[in-house]
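Colleague: coords please:
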Amino acid sequence: MADTKISALTGATTPLAGTEVVPLVQSSTTKNVSVANLTAGRSVSANDVTLSGGTANGVLYLNGSKVATSGSALTFDGTNLGIGTTPSRLLDVSGAAPVRINSTAQNQVILAAGGSNTAQVYSNSTNALAVMDGAGSTTLFTLTQGGNLNLGVAASASNNYGTPALSVASNSYTGTTIAAHENTAAANGAFLGLMRSRGTQASPTNLQSGDLIGMLTGQVFNAAGSFPYRHSCSIKFEADGNQASGDLPGRIKFETVPAGSTTPTARLNIASGGDVTVNTGNLVIGTSGKGIDFSANTPAAGMTSQLLDDYEEGTWTPVYTPTSGAFGTIGAVTSGRYRRVGSTVFLWADIRTTGTPDLGTASGQLYITGLPFTPSALGGYGQVSIMQNWNLGTALTNLGVVVDVSNTRLYFTKNSSNSSVSYVQATELSTATDNFGNLIGLFAMYTV
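Modeller: Just a heads-up that it's a prediction; the model follows:
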């Protein structure tokens, strides 16, 4: 053996049985010892190995030369694991290099508390990031590879402006409710800003007249169209003139889509100067007694109201009526019109008799009844424009109309003077046969 190199010896059978002997030098003398006695009868573990170098709490690893070593790049203090930093939590990662999770299917991280899953975070070829509930059955939100953020059970469908960058979708109203809540004593409150400029983000320029600043839109399902959802109504914010520094005129436009169409129509505009224009449709006052308030104007000394709260126009049927008794058969052709503005009523009437009137038992003053509104305590007055073929004689002068206080009727004055006035009587209707008998045309005005 003395003349044989160790490298030329035949390899031993492993694992060793412990009875094999190996040479060693002890007290300058070469001796042999069994393999079992190399550890002096003691078991050997990692706790018996001490590195002369390395970092405290450094995790042992093989370096590029396959030499066991440790360092500050990976440390473990018995509870917390740190990568690139001294850990202060269960897992602490620090450094410029990114953390990467790579899987051939779906990269997934499961978050749990008390042994139960609370959320699942994953990414795949469609979503750069997605968060689901602990059971992995409901998607809470997704961030697509294209940068679209979707909150809720699914991404919102595309509309006639394309796929939304931010969408909120749910099968209940609570899942689509968005709230901005501020709790301060400051003058400002929660804020939603729609911002627009021309140019670029790095070099913005002012808007020009008609440019759309932003829009709030109500969109509905549209099965027959090229887009699943289209406008039904919207509020547009636009530049109301060319803008410049310190000169930013704007207007608000309200639009709705009429029945049988998918095209929005401008309904109401608020211009930069404050003018409000109703483009189509009517301004409807929904509560009785409300209207247009002119209290910003300086009133006269006797002003009682500056609220225009009523307007109406229509027809009414004037009827000859005696104070007492009743007319027999009287054929009459009548027409009446009225217009009410606020508390003032303007009315017109035309009446004539046809055939041979029968005055029957009628007596007393002659009235025209059927006024559209009951007069106030102020009553009203009017003027006769035409009166012919009556039984009034030749002494008729100064015909007038009086609207009876608190009664839906009016009557006629005649031969009035500074000292007296007479009233047309029911018996002064002519009984002559005439298709234009007892013709009268009048105008009156009264308050209600």
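Colleague: which residue packs closest to the residue nearest the centre of the chain, ignoring adjacent ones?
Modeller: For the chain, the residue lying nearest the average C-alpha position, counting by C-alpha atoms, centre = their mean, turns out to be Leu216 (6.6 Å). What sits nearest to Leu216 in space, not counting adjacent residues and going by C-beta to C-beta, 6 or more residues apart in numbering, is Ile235, at 4.6 Å. In this view, the C-beta of every residue, glycine as well, is placed from N, C-alpha and C.
Colleague: Trp348 is in what secondary structure piece?
Modeller: strand 344-354 (DSSP states H and E).
Colleague: Using PDB, write out every CA atom in whatever helix or strand comes next after that strand.
Modeller: If you walk from strand 344-354 toward the C-terminus, the next helix or strand you reach (DSSP H and E) is strand 363-369. As requested, C-alpha coordinates have been extracted for strand 363-369 and formatted as PDB (Å, rounded to 0.1, in the frame of the first residue of the first chain):
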ATOM      1  CA  SER A 363    -137.600  89.400 -14.400                       C
ATOM      2  CA  GLY A 364    -135.000  91.600 -12.700                       C
ATOM      3  CA  GLN A 365    -131.500  92.300 -13.900                       C
ATOM      4  CA  LEU A 366    -130.000  90.400 -16.800                       C
ATOM      5  CA  TYR A 367    -126.800  88.500 -16.100                       C
ATOM      6  CA  ILE A 368    -124.300  86.500 -18.100                       C
ATOM      7  CA  THR A 369    -123.300  83.500 -16.100                       C
END
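Colleague: Identify each buried residue in strand 363-369, please.
Modeller: Neighbour-count burial for strand 363-369, counted by 16 or more other C-beta atoms under 10 Å, picks out 365-368.
Colleague: Likewise for stretch 318-325?
Modeller: 318-322.
Colleague: before we move on, what about stretch 417-432?
Modeller: Neighbour-count burial for stretch 417-432, with 16+ other C-beta under 10 Å as criterion, is recorded at 423-426, 428-431.
Colleague: Residues contacting stretch 226-243, please?
Modeller: When contacts are defined by C-beta atoms under 8 Å, 6 or more residues apart in numbering, stretch 226-243 is touched by residues 156-160, 194, 206-222, 248-257, 262, 264, 271-272.
Colleague: which non-adjacent residue is nearest Gly136?
Modeller: Nearest-residue entry for Gly136: Gln120, 5.0 Å, with adjacent residues in sequence omitted and distances by C-beta to C-beta, 6+ apart.
Colleague: how close does that neighbour get to Val131?
Modeller: 7 Å (C-beta to C-beta, to the nearest Å).
Colleague: which one of these two has more residues nearby?
Modeller: Here Gln120 and Val131 are set side by side on neighbour count (other C-beta atoms under 10 Å), and the busier one is Gln120, at 20 against 16.
Colleague: Would you double-check that the more buried one falls in a strand?
Modeller: Yes - Gln120 sits within a strand when classified using DSSP: H, G, I helix; E, B strand; the rest coil.
Colleague: Show me the shaky parts of the stretch 201-350 of the chain.
Modeller: Low-confidence segments of the stretch 201-350 of the chain, defined by pLDDT under 70, are located at 225.
Colleague: closest to Leu410 among the buried residues of stretch 318-325?
Modeller: When the buried residues of stretch 318-325 are ranked by distance to Leu410 (C-beta to C-beta), Pro318 comes first, at 8.8 Å.
Colleague: Now the residue nearest to the centre of the chain: which helix or strand?
Modeller: Using DSSP H and E, Leu216 falls within strand 212-221.
Colleague: how far does the following helix or strand past that strand sit from the chain's center?
Modeller: For strand 212-221, the succeeding helix or strand toward the C-terminus, using DSSP H and E, is strand 229-239. Shown here is strand 229-239, whose average C-alpha point lies 11 Å from the average C-alpha point of the whole chain (C-alpha atoms, centre = their mean, to the nearest Å).
Colleague: Make a markdown table out of the buried residues of strand 363-369 and add pLDDT and distance to Ser335.
Modeller: Output for the buried residues of strand 363-369, formatted as a markdown table (pLDDT from 0 to 100; distance: C-beta to C-beta, whole Å):
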| residue | pLDDT | distance to Ser335 |
| --- | --- | --- |
| Gln365 | 96 | 23 |
| Leu366 | 97 | 18 |
| Tyr367 | 97 | 18 |
| Ile368 | 97 | 12 |
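Colleague: closest to Leu38 among these?
Modeller: The nearest member of the buried residues of strand 363-369 to Leu38, counting by C-beta to C-beta, is Ile368 at 137.7 Å.
Colleague: Just give me the closest of the buried residues of stretch 318-325 to Leu16.
Modeller: Distance to Leu16, by C-beta to C-beta, is smallest for Pro318 among those, at 133.2 Å.
Colleague: what's the spacing between the closest one and Arg340?
Modeller: With distances defined as C-beta to C-beta, the gap from Pro318 to Arg340 amounts to 17 Å.
Colleague: And for Asp310?
Modeller: Looking at Asp310 against Arg340, where the rule is C-beta to C-beta, the gap reads 6 Å.
Colleague: Give me the domain ranges for this structure.
Modeller: Structural domains annotated on the chain: 13-44, 52-93, 107-171, 208-278, 311-447, as defined by automatic domain parsing.
Colleague: pLDDT averaged over the shortest one, what's the number?
Modeller: Confidence for domain 13-44, expressed as mean pLDDT, is 74.
Colleague: Can you tell me which of the domains of the chain is packed in deepest?
Modeller: When the domains of the chain are scored by mean count of other C-beta atoms under 10 Å, the highest mean neighbour count falls to domain 311-447 (a mean of 16).
Colleague: ok and the helix or strand that contains Ser385 relative to strand 344-354, angle-wise?
Modeller: Under the criterion DSSP H and E, the helix or strand holding Ser385 is strand 380-388. Computed by axes from the mean of the first three to the mean of the last three C-alpha atoms, to 10 degrees, the angle separating strand 380-388 from strand 344-354 equals 20 degrees.
Colleague: by contact count, what packs against strand 380-388?
Modeller: With contacts defined as 3 or more C-beta pairs under 8 Å, 6 or more residues apart in numbering; DSSP states H and E, the secondary structure elements packing on strand 380-388 are strand 400-403, strand 437-447.
Colleague: Could you give the separation between the terminal residues of stretch 95-102?
Modeller: Between the opening and closing residues of stretch 95-102 we find a distance of 19 Å, counting by C-alpha to C-alpha, to the nearest Å.
Colleague: quick one: low-confidence parts of the stretch 51-200 of the chain?
Modeller: 51-54, 98, 103-106, 153-161.
Colleague: What are the phi and psi values at Ala426?
Modeller: Geometry field for Ala426 lists phi and psi as phi -60, psi -30, criterion degrees, to the nearest 10.
Colleague: typo on my end, Ser7
Modeller: According to degrees, to the nearest 10, Ser7 has phi -70, psi -20.
Colleague: Tell me the pLDDT of it.
Modeller: The predicted structure scores Ser7 at 71 on the pLDDT scale.
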